[in-house]
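Chemist: give the three-dimensional model of this entry:
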Amino acid sequence: MSERDWQQRVDPSKPHPARMYDYYLGGKDNFEADREAAEKVLNVLPEARLMALENRAFLGRAVRFLAEAGIRQFLDIGTGLPTQGSTSEVAHEVAPDARIVYVDNDPMVLVHARALLADGDAKSTVVVEGDVRDPDGILGNPDVRAVIDFDQPVAVLLVAILHFVRDSEDPFGIVERFKRVMAPGSHLVLSHGTHDFDPERSAEATRFYAKATAPFVTRSGAEIKRFFDGLEMVDPGLVQLPLWRPDGDPPPHLDAIWLYGGVGRRV
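Modeler: Modelled structure (predicted):
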């Protein structure tokens with residue numbers, strides 16, 4: 001994508017969830033509109049920054065677990081900016097031969113991600129444009145197919161992305177479409193925001209996404225578990241993010257993490 005195309009497609013006046021997430025993580029790839037929207041969320045929900053950090057930590061643990069289990073293909077959808085602790089960084093620490101496809105629909109993310117990965121092996125790590133709401137577009141993309149062999153086990157990562165999909169856009173049907181192409185031994189990695197712990201404050205915080213390029217739709221734990229229907233849950237199942245195979249003791253701030261995460265295996 002040329003700089004001119006990037007300028008034409010990026011609207012700096014409209015907050016974008018990926019850039020807001022970058023701000024929560026302390027990154028610099030965001031605009032004033034993203035920072036203003038994120039600060040409004042933080043005023044209501046100061047835990048949001050901690051949630052973002054725990055989500056990134058969950059991603060790292062899940063990718064490491066799968067790489068150690070022998071998975072060598074990772075399809076990371078709605079990746080955001082692949083900065084420190086990214087899928088490719090973690091997977092390649094364990095398995096240098098792992099192949100990764102990053103998918104995002106934000107032109108700014110695409111440009112920066114490609115720049116960050118420019119020194120890597122183009123045959124093992126690629127960045128493609130795509131939208132989780134169009135699974136057939138992702139699965140049929142020749143650049144995806146050039147890296148991912150869906151006849152072999154693959155890890156499909158839907159980490160903190162489905163809560164940006166409205167019910168009317170059929171999030172469960174979207175996940176089913178990805179599950180249908182997953183060979184036995186494949187895994188689904190998923191995290192998702194919930195209103196289970198404080199419905200009122202959760203609703204107040206998510207309303208600030210109304211003017212963003214995508215809404216924030218929280219769901220109950222029971223609804224989130226439905227995404228794993230037909231898969232065998234990896235222990236410990238669907239849990240709050242810090243409880244999924246933690247590196248140490250559970251943190252004292254567990255009640256501040258309003259996201260569930262889990263990994264399911266296609267048998």
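Chemist: let me see the confidence value for the closest residue in space to residue 255 that isn't next to it in sequence.
Modeler: In this structure, residue 255 finds its nearest non-sequential neighbour in residue 197, 6.7 Å apart by C-beta to C-beta, 6 or more residues apart in numbering. For every residue, glycine as well, the C-beta is placed using N, CA and C. The predicted structure scores residue 197 at 92 on the pLDDT scale.
Chemist: residue 6 now?
Modeler: Looking at residue 6 specifically, the model assigns a pLDDT of 45.
Chemist: over to the one 10 residues further on?
Modeler: We note a pLDDT of 80 for residue 16 in this prediction.
Chemist: pretty sure it contacts residue 106?
Modeler: Yes. Counting by C-beta atoms under 8 Å, residue 106 is a contact partner of residue 16 at 5.6 Å.
Chemist: how many other residues sit next to residue 149?
Modeler: Burial of residue 149, expressed as a neighbour count using other C-beta atoms under 10 Å, amounts to 13.
Chemist: that one against residue 72, yeah?
Modeler: No. The pair residue 149 and residue 72 does not pass the contact test of C-beta under 8 Å, sitting 9.6 Å apart.
Chemist: any chance you could list what contacts whichever strand or helix holds residue 158?
Modeler: Residue 158 is located in strand 155-159, with elements delineated by DSSP states H and E. Where contact means C-beta atoms under 8 Å, 6 or more residues apart in numbering, the residues beyond strand 155-159 that reach it are 55, 58-59, 62-63, 66, 71, 73-79, 87, 132, 175, 178-179, 182, 186-191, 227, 261.
Chemist: please flag which of those residues sit within helices.
Modeler: 55, 58, 59, 62, 63, 66, 87, 175, 178, 179 (DSSP state H).
Chemist: OK, contacts around the first one?
Modeler: Contacts were defined as C-beta under 8 Å, 6+ apart; by that measure residue 55 touches 159, 160, 191, 241, 259, 261.
Chemist: ok, the last one to residue 47 distance?
Modeler: Same thing as residue 261. If you measure residue 261 against residue 47 using C-beta to C-beta, to the nearest Å, the figure is 16 Å.
Chemist: who has more neighbours, these two?
Modeler: When neighbours are counted by other C-beta under 10 Å, residue 261 comes out ahead of the other of residue 261 and residue 47, with 26 against 20.
Chemist: now do the contacts for that one.
Modeler: Residues in contact with residue 261 (C-beta under 8 Å, 6+ apart) are 55, 58, 62, 159, 189-192, 238-241, 244.
Chemist: 6 Å instead, please
Modeler: Neighbouring residues of residue 261 by C-beta atoms under 6 Å, 6 or more residues apart in numbering: 58, 191, 241, 244.
Chemist: just give the nearest non-adjacent residue to it, would you?
Modeler: With C-beta to C-beta, 6+ apart as the criterion, residue 261 has its nearest non-adjacent residue at 3.9 Å, and that residue is residue 191.
Chemist: ok, that neighbour - how many residues close by?
Modeler: Residue 191 has 26 neighbouring residues, counting by other C-beta under 10 Å.
Chemist: surely it meets residue 257?
Modeler: No. Using C-beta atoms under 6 Å, residue 191 makes no contact with residue 257, being 10.3 Å away.
Chemist: so the residue nearest to the spatial centre of the chain bridges to which residues?
Modeler: With distances taken as C-alpha atoms, centre = their mean, residue 159 lies nearest the centre of the chain, 2.8 Å away. Beta bridges link residue 159 to residue 191 when assigned by DSSP bridges.
Chemist: can you list phi and psi of residue 141 for me?
Modeler: Dihedral angles of residue 141 (phi, psi; degrees, to the nearest 10) stand at phi -70, psi 120.
Chemist: can you tell me the closest non-neighbouring residue to it?
Modeler: Nearest non-adjacent residue to residue 141, counting by C-beta to C-beta, 6+ apart: residue 128, 5.6 Å away.
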